[in-house]
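[1] 3D model of this:
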Amino acid sequence: YDLRLGLTKKKHKKIKWGFMGAGRVAHDFANALKVVEGAELHCVAVSSGLERSENFAKLHGFIKAYGSYEEALKDKEVDIIYL
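    Here you go, the predicted model:
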């Protein structure tokens with residue numbers, strides 16, 4: 001069992017993370033999630049615009065970047081949001 005995410009190794013389901021913000025703590029948390037089995041860096045959104053989201057996404061390997069929080073919250077694939 002991976003108790004941090006409540007997964008069994010047999011299920012292989014990924015938990016898709018959405019980040020709201022791209023500050024220093026978000027960088028640290030994204031780096032930490034990269035080594036957590038079952039965690040997927042799915043999307044990031046920042047209030048200051050799409051370019052900053054895209055840069056953060058590229059740096060950390062997120063699949064999607066959004067230019068607003070509202071757009072990211074509409075993403076039906078996200079399982080959990082980091083604020």
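[2] and the gap between Asp75 and Asp28?
    23 Å (CB to CB, to the nearest Å). Every C-beta, even on glycine, is put in place using the N, C-alpha and C of the backbone.
[3] compare these two (neighbour count), which wins?
    Set side by side, Asp75 and Asp28 show more neighbours around Asp75, with 16 against 10, by other CB atoms under 10 Å.
[4] nearest spatial neighbour of the more buried one, chain-adjacent residues omitted?
    For Asp75, ignoring the flanking residues on the chain, the nearest one in space by CB to CB, 6 or more residues apart in numbering is Cys43 at 5.6 Å.
[5] contact partners of stretch 56-72?
    Stretch 56-72 has contacts (CB atoms under 8 Å, 6 or more residues apart in numbering) with 18-20, 22, 26-27, 30-31, 34, 40-47, 49-50, 53-54, 75, 78, 81.
[6] let's go with 6 Å and repeat that
    For stretch 56-72, the surrounding residues in contact (CB atoms under 6 Å, 6 or more residues apart in numbering) are 18, 20, 22, 30, 41-45, 49-50, 53-54.
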